[in-house]
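In: any chance you can model this:
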Amino acid sequence: MKKNFLVVIITIIITLLAAEAVIRVISSNSFDWRTFLIYDREIGWVGKPFGAGTFKINGRKMTVRLNSLGLRSREPNEEVKDGILLDGDSQTWGLGLKDGETVTDQLEKFTGHNVYNIAQVGYGTDQELLAFLRFKNKYPAQKIILIVCRNDLQESCCKFAYGVNRPFIEIKDGRIFMEPVPKSDIWVESQWEKSYLIKFIISRWKAIADMICIGNKEFKRNRFLSILFYLKSTAEKNGAELSVFIIPPRNKFGGKENDLDRDMDMAAEICSELKIPFAYPIEEFAHAGGKKLFFSSDWHWNPDGARLAARIIADRLIGLRS
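Out: You can find the predicted model right below:
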């Protein structure tokens, strides 16, 4: 009996060690939020000033370095008044894309103008508004381009996503009301997380816990409308024009559409309602290859998708293609 029990214990230990070794090899170069992001009591998280790291995603290895503001962008230059400012989430940030491949870099090539990127991984439209309010004076620009992704509207209705607390804003009478964002455990690495196996288990648990959201479709619509209206009004007060680029969901080109995909149709309707110039280039993306413009392992666009998006932004939303 004791011998059998000992065999079981040894087997479990060997299995756990083997799992640790396999996951360590697989995860050692994966994207780690804490390499590039830090907690922020207002926006939830922001880029880490001068954050830098090498990681592998979608089968591609890349090194990313952030600027003094924690942005994957040029340093601020307040003397440049005719710049172009991009706002968005991980698509705009360039997750999976190397320097020179991002929509920011491609847009600079097409327009010959300085293009600044205040996007951040994991942001919803509400956080994108807060980011604009924080950085608008650092990056004075005449053109503001908000790039909207399929999950942005849903995330803006959530108080918790990706294993972290996020802001929940309310807009009333032209003012933003919000509570400080509670600091999540993810921003402090525990001794347990030195094990890649335990870190993997924690990440899977947090994925299951994702997302804590409120409201129905009408609530989501009204929320996006109020955020977009506030962003438009603020841009105009700063002497800038807001335009919106809506990324066609990959499922539009073969696949079963879901509510998140249909949110992009709703975003286009709201842009029309608010008379905001926008591009929702389903036909252009379909003609250029549809699904081939995205990585096969997730919904982020690949270098070809980012290049096409930059060309469309330059032609249709800015009119500055060189």
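
In: every contact and neighbour count from this point should use C-alpha atoms.
Out: Noted.

In: against Arg72, how distant is the closest residue to Gly215 other than its chain neighbours?
Out: Leaving aside its chain neighbours, Gly215 sits nearest to Cys157 (7.1 Å; criterion: CA to CA, 6 or more residues apart in numbering). Here the criterion is CA to CA, to the nearest Å. By it, Cys157 lies 26 Å from Arg72.

In: that older thread, what pLDDT does the residue nearest to Gly215 get?
Out: With respect to pLDDT, Cys157 scores 93.

In: again, but for Gly174
Out: For Gly174, the pLDDT comes out at 90.

In: now it. Nearest residue, chain neighbours left out?
Out: Excluding its sequence neighbours, the residue lying closest to Gly174 (CA to CA, 6+ apart) is Tyr230, at 7.3 Å.

In: pretty sure Asp87 sits against Asp126.
Out: No - between Asp87 and Asp126 there is no contact under CA atoms under 8 Å: 11.3 Å.

In: returning to that earlier point: what about the residue nearest to Gly174, distance to Leu133?
Out: The gap separating Tyr230 from Leu133 is 10 Å, by CA to CA.

In: over to Arg34?
Out: 24 Å.

In: tell me the domain boundaries of this structure?
Out: Using automatic domain parsing, the domain parsing of the chain gives 1-30, 32-318.

In: Gly305 contacts Leu293, doesn't it?
Out: Yes - Gly305 is in contact with Leu293 according to CA under 8 Å; the separation is 4.4 Å.

In: shared neighbours, those two?
Out: Common neighbours of Gly305 and Leu293, using CA atoms under 8 Å, 6 or more residues apart in numbering, are Phe285.

In: would you list every one of the strands in the stretch 1-150 of the chain?
Out: With DSSP state E, counting those that start in this stretch as the criterion, the stretch 1-150 of the chain has strands at 37-40, 44-47, 52-57, 60-65, 83-87, 115-117, 141-148.

In: tell me how many other residues crowd Tyr230.
Out: Tyr230 has 17 neighbouring residues, counting by other CA atoms under 10 Å.

In: is it in a helix, a strand, or coil?
Out: helix (DSSP: H, G, I helix; E, B strand; the rest coil).

In: how close does it sit to Pro140?
Out: From Tyr230 to Pro140 the distance is 18 Å (CA to CA).

In: what pLDDT does Leu6 get?
Out: On the pLDDT scale, Leu6 is placed at 67.

In: ok, the one 4 residues further on next?
Out: Listed pLDDT for Ile10 reads 68.

In: just give me the neighbour total for the residue nearest to Leu129 when sequence neighbours are not counted.
Out: Spatially, and ignoring its direct neighbours in sequence, Leu129 is nearest to Leu231 (6.2 Å; CA to CA, 6+ apart). Neighbourhood size, Leu231 [other CA under 10 Å]: 22.

In: wouldn't Leu231 be in contact with Ala131 here?
Out: No - taking CA under 8 Å as the definition, Leu231 is not a contact partner of Ala131, at 10.6 Å.
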